[in-house]
Structures are given as C-alpha cells and as structure tokens.
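Provide a 3D model corresponding to the input given below.
(2 chains)
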There are 2 protein chains.
Amino acid sequence: MNFSSKLLENAVLEFSKLPGIGQKTALRLVLHLLNQDKSDVERFSVAMTKLRNEIQHCRVCFNISDHTVCEICASHKRDRGTICVVEDTRDVMAIENTNQYNGVYHVLGGLISPMDGVGPSDLEVDTLVERIKANEVREVIFALSATMEGDTTIFYLHKRLKDFKINISTIARGIAFGGELEYVDEITLGRSIATRVPYESSLAK
Amino acid sequence: MNFSSKLLENAVLEFSKLPGIGQKTALRLVLHLLNQDKSDVERFSVAMTKLRNEIQHCRVCFNISDHTVCEICASHKRDRGTICVVEDTRDVMAIENTNQYNGVYHVLGGLISPMDGVGPSDLEVDTLVERIKANEVREVIFALSATMEGDTTIFYLHKRLKDFKINISTIARGIAFGGELEYVDEITLGRSIATRVPYESSLAK
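So this is what the prediction gives:
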C-alpha cells in the first residue's frame, strides 16, 4: 500500500501484527483512532502498556490477576478442595460466567502439543502437583478443549495425578443444549451414544 | 463478561470501542498483546499516540501528512493543473496504487450528508474554490463514491465550480473489469448501456 505518511504506515503496521487483522482492517481502525480526541487515543495506549507492565500471574492458580493472589483464590466463599484445571484465562471467564462452579482454578497456560513443541515442562503442571500435595484437595476437574491436544494433556495429567487420593473428573462431552440431532457431527453423536448416562443423573442437581 | 482483572477489563473495553470489534474479539487481541514482549506492546502504544499527536493535514490538499505540505503536493513531478477531489485519505491511497494518475488531490474530509448533519461548511469545499481561484487549474476530477452522498456532493461542487474556465469530469462508472454480466446489478448495467462509449475511446490511452 502507498501510505502518504510514515506515522500512518507505522501505526497500520503495528495494528496488522494482531491476529486476524489484515492491512485494510488495520488502516480502518487506525483512521478511526485518528478521528478520536487525543485524550481518547492516549487512554487507549495507556490501557495497553499498563496492562502489559502491571499484570501479574496469581501465585496460587496462575490466572492473570491485578494482585499476587487473584480474587478467586483470595475469596473465602470458594471451595478450595476442588480444583478446575483449564488452559487459559478465557476458560476461567467462560466457566465463571456459567455461575455453576464454586471451586478454584489452575491455569496451565497452554496444552501439551508436540507439533508446536509444547511439553509438560512449558506448562504449570509441576505447580499443580505441588498444590495437590500441599493442600487438602478432594477433586480435580479437567475442563480442557475436546481436541487432540486437550486429550493428550488430560492423559498426561491423569498419569501424574492418579496415585493421589482424589477424585479426577472431566467435564461432560456430548450434544450441546439446543443442538439438533441431524446437525451434530458423527464423532460427537457416536460417542454420546457410547457414553450414555442414566436419565436421573442427566438432570442437573 | 466476568473479568478476573481490572487492567484486563479496561484494555478490553478500550479495544471494543473500535469499529467492528466486539468484546470477544477485543479479548482475543488483548490476550495476544499480553503474550508479547513489553517492548512490543510499548511500540504498539507509542505508534498510536505518536500518530494522533504528530499527524498534520497538508495545507494545500488536506490529506493527512507528516509535514505541513504532503509529499504529493511537494513533488515537482506531479501535474498541479489537475486536481482530483476525493472523500478521504483511503481514496488517495487507492488511486495512488493504480499508478494511473499524475495530478494532485483535494481531500474533502467527508461527503455532504444531510441525514448525518454534514453540510458543505463541514468539508474542505471553500478551500477547493480558493485553490482553483489562486492557481492555474485546467481540470477537476471528481473521484467520489457512487452513492447518494457522493452524487449529492458532486452536484453541489459542480454548481460551485461551473463558472470557472476548467474541465470538470468524474471517474467512469460502469461494469468492473473482470465482472460477469449476469452478476452485475440492474442499475449499473442499465446505466452502463445508457452511457455507452464509442469503442475507440473505451481503450485506455
């Protein structure tokens, strides 16, 4: 593209480094910012640098947090005997939004993926083991994506945790609520038949 | 959404003010930034504030520019007798990318749109008239969008400029190159028949 200004070109270049943002979208966003008040653009920029410079990882669950211990781990209302193991912050948010979970979390920071060179040592696995050793934990719930990487990670974690006297569970997999049977993919449908549950236990408590 | 951090919530809020960016996309982009080096995020932020604080409008053509006069207006290779009137910077870029135009520009900064409360006084119309009065201009080309607002603006500008001894033209409208006839909309096809051109003049010089 033929920019009339180096400043503009530079801003577009920075924006187009973001995932899913091409050069045309970047230009549209930058020109939008250019039409805003200086104070608005300043506020935008400060929010990004402040986030990057001041954010911490909770030293208990490794979720991102404004303090050394996150709000969930610090709360006395949460059941610390139940740990839900998730991939990243977004999953914590998604589960929190359901209002169905009152335990605490452990954020792995990724999934085991040999293809991408991510092994257990790159994730918060040892810290999870330490946490279970040091605290009275009754149950560990794996809430990981239903992908190859998620399954690999669950398999590995199960091996590491199976000698502890704790319940290990995974979130239920099957047909989504509201899902029409004819549009469900074969693997999900097939496995949901194979892993069928008694009617009574399918009702939420 | 249930954010675990005020810093994160604030950054997502700022990002989701951008056009076409919802809360989920904003979160994805912010988490991407969070995974970058501090220096990268700093560079991103600085590019935005620097752009907003230091950008100028060329005092000849009102295109955005790093200097008081833009590169195009300052260039001795451009034909200053031909002015192409466009809506905004993006149009200048688009025309520059064609490599088919060697004149200079005049950026209106918008189009006349009574619905949005934009009248001629909000645009760089008077400055265009002054520019034609003060300089030896042979031709003014309207390169505006083929919309109601574009047509209204052309109609108004033509009224303001018609007493000057200059050629006034608009960019050609019709079927796009590579366009298949059966997929062209009726208005474009109808008008392209009504405004048909002699075969010889349809060939680019």
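
doesn't A:Phe15 make contact with A:Leu29?
Yes. At 5.7 Å, A:Leu29 counts as touching A:Phe15 under the criterion of CB atoms under 8 Å. No exception for glycine: its C-beta is placed from N, CA and C like everyone else's.

which neighbours do those two share?
A:Ile21 (CB atoms under 8 Å, 6 or more residues apart in numbering or on different chains).

quick one: stretch A:53-72 near chain B?
Yes. Stretch A:53-72 reaches chain B (CB under 8 Å from any CB of the partner chain) through A:53-55, A:63-66, A:70-72.

now, those that are in helices?
Among the residues of stretch A:53-72 next to chain B, the members found in helices (DSSP state H) are A:53-54, A:71-72.

confidence score at A:Lys205?
In this model, A:Lys205 is scored at 58, pLDDT.

swap that for A:Val125, please
95.

in chain A, which segments are predicted with low confidence?
Along chain A, segments meeting pLDDT under 70 span A:204-205.

skipping adjacent residues, who's closest to A:Asp88 in space?
Nearest residue to A:Asp88, sequence neighbours excluded (CB to CB, 6 or more residues apart in numbering or on different chains): A:Val107, at 6.2 Å.

do I have it right that that neighbour meets A:Thr89?
Yes. Counting by CB under 8 Å, A:Thr89 is a contact partner of A:Val107 at 6.6 Å.

common neighbours of the two, please.
Joint contacts of A:Val107 and A:Thr89 (CB under 8 Å, 6+ apart) are A:Asn63.

and chain B, is the longest strand seen in chain A touching that?
Looking across chain A with DSSP state E, the single longest strand is strand A:79-86. No. Against chain B, strand A:79-86 shows no contacts by CB under 8 Å from any CB, the least distance being 11.7 Å.

please enumerate residues in contact with that strand?
A:92, A:95, A:101-108, A:128, A:131-132, A:135-144, A:157.

CA atoms only for stretch A:1-17, dumped as CSV, please.
Extracted in CSV, the C-alpha atoms of stretch A:1-17 (Å, rounded to 0.1, in the frame of the first residue of the first chain):
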residue,chain,number,x,y,z
MET,A,1,0.0,0.0,0.0
ASN,A,2,1.0,3.5,-0.7
PHE,A,3,0.9,5.5,2.5
SER,A,4,1.1,9.2,2.4
SER,A,5,2.6,9.3,5.9
LYS,A,6,5.3,7.4,7.8
LEU,A,7,3.4,7.8,11.0
LEU,A,8,0.3,6.3,9.5
GLU,A,9,2.3,3.5,7.9
ASN,A,10,3.9,2.7,11.2
ALA,A,11,0.6,2.6,13.1
VAL,A,12,-1.0,0.4,10.5
LEU,A,13,2.0,-2.0,10.6
GLU,A,14,1.7,-2.3,14.4
PHE,A,15,-2.0,-3.0,14.2
SER,A,16,-1.7,-5.5,11.4
LYS,A,17,0.6,-7.6,13.6
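
now it: how far from the chain's centre is it?
32 Å (CA atoms, centre = their mean, to the nearest Å).

mind listing what's buried in that stretch?
A:3-5, A:7-16 (16 or more other CB atoms under 10 Å in any protein chain shown).

tell me the buried residues in stretch A:92-100?
A:92-93, A:95-96.

ditto for stretch A:130-137
Neighbour counts over stretch A:130-137 (16+ other CB under 10 Å) mark A:131-132, A:137 as buried.

with stretch A:145-158 instead?
Neighbour-count burial for stretch A:145-158 [16+ other CB under 10 Å]: A:149-151, A:153-154, A:156-157.

helices of chain A, residue ranges please.
A:6-15, A:23-34, A:38-54, A:71-74, A:89-98, A:125-134, A:148-161, A:186-194, A:199-202.

could you list every helix and strand in contact with the third one?
Applying 3 or more CB pairs under 8 Å, 6 or more residues apart in numbering or on different chains; DSSP states H and E, we find helix A:38-54 packed against helix A:23-34, helix B:6-15, helix B:23-34, helix B:38-54.

between helix B:38-54 and that helix, find me the angle.
Note on geometry: by axes from the mean of the first three to the mean of the last three CA atoms, to 10 degrees, helix A:38-54 and helix B:38-54 are set 170 degrees apart in direction.

tell me the domain ranges of chain A?
Domain ranges of chain A: A:6-53, A:79-171, per automatic domain parsing.

centre of the chain to the longest one, how far?
This means domain A:79-171. 11 Å.

next one: the shortest one
Put simply, domain A:6-53 sits 25 Å off its chain's centre (CA atoms, centre = their mean).

now do the end-to-end distance for it.
End-to-end span of domain A:6-53 (CA to CA, to the nearest Å): 27 Å.

for the residue most central in space within chain A, give me its contacts.
The geometric centre of chain A, computed from its C-alpha atoms, lies nearest to A:Asp88 (CA atoms, centre = their mean), at 2.6 Å. Going by CB under 8 Å, 6+ apart, A:Asp88 touches A:107-110, B:31.

which of these has the most neighbours?
Comparing the contacts of A:Asp88 by number of neighbours (other CB atoms under 10 Å in any protein chain shown), A:Val107 comes first, having 25 neighbours.

beta partners for it?
A:Val86 (DSSP bridges).

picking up where we left off before, also near chain B: which of the buried residues of stretch A:1-17, exactly?
Okay, of the buried residues of stretch A:1-17 touching chain B (CB under 8 Å from any CB), that's A:3-5, A:7-8, A:10-11, A:13-15.

reformat those as TSV; add distance to B:Gly190.
Output for those, formatted as TSV (distance: CB to CB, whole Å):
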residue	distance to B:Gly190
A:Phe3	38
A:Ser4	37
A:Ser5	40
A:Leu7	44
A:Leu8	39
A:Asn10	45
A:Ala11	42
A:Leu13	43
A:Glu14	45
A:Phe15	40
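
wait, A:Leu8 sits on B:Ile64?
Yes. A:Leu8 lies in contact with B:Ile64 (CB under 8 Å); the separation is 6.4 Å.

nearest spatial neighbour of A:His57, skipping sequence neighbours?
With CB to CB, 6+ apart as the criterion, A:His57 has its nearest non-adjacent residue at 6.1 Å, and that residue is A:Ile64.

these two touch, right, that neighbour and B:Ser4?
Yes. In this structure A:Ile64 lies within contact range of B:Ser4 using CB under 8 Å: 6.4 Å.
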